[in-house]
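[1] Structure for this input, please:
(chains A, B, C and D, ligands or ions: 2)
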Protein chains: 2
Amino acid sequence: MSISSRFAVGIHILALIEINKGGVSTSEYLAASVNTNPAVIRKIMGMLKNAGLVNVRPGIAGAELAKNLSEITLLDVYKAVNVVQEKELFSIHENPNPQCPVGRNIQNAIGPLFEIAQTALEKALGHVTIEDVVKDIIEKEKLNH
Amino acid sequence: MSISSRFAVGIHILALIEINKGGVSTSEYLAASVNTNPAVIRKIMGMLKNAGLVNVRPGIAGAELAKNLSEITLLDVYKAVNVVQEKELFSIHENPNPQCPVGRNIQNAIGPLFEIAQTALEKALGHVTIEDVVKDIIEKEKLNH
DNA sequence: GCAAGATGTAATTAATATGGTTACAGGTAA
DNA sequence: TTACCTGTAACCATATTAATTACATCTTGC
Ligand code: FES
Ligand code: FES
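    Ligands and ions are numbered 1, 2, ... in the order given. Below is the predicted model of the structure:
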């Protein structure tokens, strides 16, 4: 199964807050761009807030970035929105038969290999920043004018 | 969400067929080691068969590896059991607002970045073979005697 | 103070995926 | 023909997702 679109939406939100920095980015405004419900945005925004990526306050309209654009990587967003738990990108079937030589060792044999693969994935995400994404969007936008 | 344990079970099956190569690996036998239902094994086995990794025939008991141990990578298994579709490890929310500069460009901006990360993951899986797993299991087994 | 409007958050729902289970059709061999 | 196996479909309980609704809480303008 695919990794939740919360991740993509999280990136979307951050990029839009930046591009809309002249205006006020309310959950309703962001929801209109993402094309979803404001409550979905607020939920994801809460996660981004907990991770220290945005500043939002109850009652006060609008969200702001809490860090410099170039200091927010896709990995930060990925971790913030909790789409994949630590060491749990791949699930391993539980309760293999302890009486079978494979059953009693497979988890320990596979686990580290899965971790290496997951780390490779996350490392790749760590090399890209929201700034890269925003620049790319602006670039694409220019080409269509 | 995690990637289906079909992947881990697929690895388990292949490793066990090898280690049990003296005996006959029926779906019932394999199911007992994995601790699941034989029908589940047969379903996964069908996928491994389609991918040319094992030989199984209706009516004939037992499965055999169709390739050399060292020629089967975890990536082969991963692709065989269909746990992740091509370019779809990460899902991107559909129907972003085309009237928003971010909405109309985000998919094209994010897509390639997600692909790079997915490729990094799969590359890591391609570096490990079932032979490595089997050797590791045998090694671990020795240590406990 | 109070009304308007925003965020925070919980509960509900429909759609979808997973893994297990049962059942049975069809193939193989003794 | 019998016994046993694989192949496959149907069904179910469970879990997750994303959307939706509702409402408590907070802030500001008046
Ligand atoms: S990615 Fe969805 S509106 Fe931007
Ligand atoms: S029995 Fe499950 S991994 Fe081996």
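[2] How many neighbouring residues does the nearest residue to residue A:104 once chain neighbours are set aside have?
    Using CB to CB, 6 or more residues apart in numbering or on different chains and skipping residues adjacent in sequence, the residue nearest residue A:104 is residue A:98, 4.6 Å away. Quick note: C-beta positions are derived from backbone N, CA and C, even for glycine. Look at residue A:98: counted by other CB atoms under 10 Å in any protein chain shown, it has 11 neighbours.
[3] cool, and the one 10 residues further on?
    Residues lying near residue A:108 (other CB under 10 Å) number 12.
[4] Residue A:26 now?
    Considering only other CB under 10 Å, residue A:26 is surrounded by 17 other residues.
[5] Which helix or which strand is home to the residue nearest to residue A:104?
    Remark: residue A:98 resides in no helix or strand, with elements defined by DSSP states H and E.
[6] mind checking how far it is from residue A:114?
    Distance, residue A:98 to residue A:114, by CB to CB, to the nearest Å: 21 Å.
[7] So is stretch A:104-113 next to ligand 2?
    Yes: interface with ligand 2: stretch A:104-113 contributes residue A:106 (CB under 6 Å from any ligand atom).
[8] for the record, mean pLDDT for that stretch?
    Average pLDDT, stretch A:104-113: 94.
[9] Kindly report the same for stretch A:3-23.
    Mean pLDDT, computed over stretch A:3-23, is 93.
[10] In terms of pLDDT, where does the most far-flung residue of chain A relative to its centre sit?
    Centroid-distance maximum for chain A: residue A:99 at 41.0 Å, with CA atoms, centre = their mean. Per-residue pLDDT puts residue A:99 at 87.
[11] Could you pull up phi and psi at it?
    phi -90, psi -10 (degrees, to the nearest 10).
[12] so what's the residue nearest the centre of chain A up against?
    With distances taken as CA atoms, centre = their mean, residue A:78 lies nearest the centre of chain A, 2.8 Å away. Applying CB atoms under 8 Å, 6 or more residues apart in numbering or on different chains to residue A:78 gives the contacts A:7, A:10, A:84, A:122, A:125.
[13] and it, what element?
    Counting by DSSP H and E, residue A:78 is part of helix A:74-80.
[14] Report the distance from that helix to the chain centre.
    Distance, stretch centre to chain centre, for helix A:74-80: 4 Å (CA atoms, centre = their mean, to the nearest Å).
[15] ok, how many other residues are close to residue A:143?
    Residues near residue A:143, counting by other CB under 10 Å: 7.
[16] Counting neighbours, what do you get for residue A:68?
    10.
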